[in-house]
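# Quick one, fold the following:
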Amino acid sequence: MAYKVQYKCRKCGEIEDSSSVPTFLDIVKMIQDIPDANERQLVTVSWHSCEDGSVGITDVIGAEEYTYGQEDTTQ
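Take a look at the predicted model:
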């Protein structure tokens, strides 16, 4: 079992998945272990190329479980 970390674009609303277990574990660890948000080194904001060609900002919105070998190959 692994996790896909989900990011949502602020501009177009598209949700992207990143199959990164280490990123997900870092998110959980950083939230639980470091009370001062300014000391966190995990980036929870990224960028996204919207369909209209513009650049949007994405935020981590959650994670979902998936099984290795079950990745979506249609994208």
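# Helix, strand, or coil at residue 11?
Three-state assignment for residue 11 (DSSP: H, G, I helix; E, B strand; the rest coil): coil.
# Next up, the contacts around it.
48, 50, 54, 56, 57 (Cβ atoms under 8 Å, 6 or more residues apart in numbering). Just so you know, the C-beta spots here come from the backbone N, C-alpha and C atoms, and that holds for glycine as well.
# Now do the third one against residue 16, distance only.
Applying Cβ to Cβ, to the nearest Å, one obtains 15 Å for the distance of residue 54 from residue 16.
# Repeat that for the second one.
Using Cβ to Cβ, one obtains 11 Å as the distance from residue 50 to residue 16.
# Just want to know which of residue 54 and residue 16 has more residues nearby.
Neighbour tally, residue 54 and residue 16, criterion other Cβ atoms under 10 Å: the higher count belongs to residue 16, 14 against 10.
# Doesn't the more buried one belong to a strand?
Yes - applying three-state DSSP, one finds residue 16 inside a strand.
# Test my guess that it contacts residue 48.
Yes - here residue 16 reaches residue 48: they are 6.4 Å apart, a contact under Cβ atoms under 8 Å.
# Overlap of the contact sets of those two?
Contact with both residue 16 and residue 48 is made by residues 7, 9, 58, according to Cβ under 8 Å, 6+ apart.
# out of those, which are buried?
7, 9, 58 (16 or more other Cβ atoms under 10 Å).
# From these, pick the one nearest residue 67.
Comparing those against residue 67 with Cβ to Cβ places residue 7 closest, at 21.0 Å.
# follow-up on the earlier one: joint contacts of residue 50 and residue 16?
Both residue 50 and residue 16 are in contact with residue 9, where contact means Cβ under 8 Å, 6+ apart.
# what's residue 50 in contact with, if anything?
Contacts of residue 50 (Cβ under 8 Å, 6+ apart): 9, 11, 12, 14, 56.
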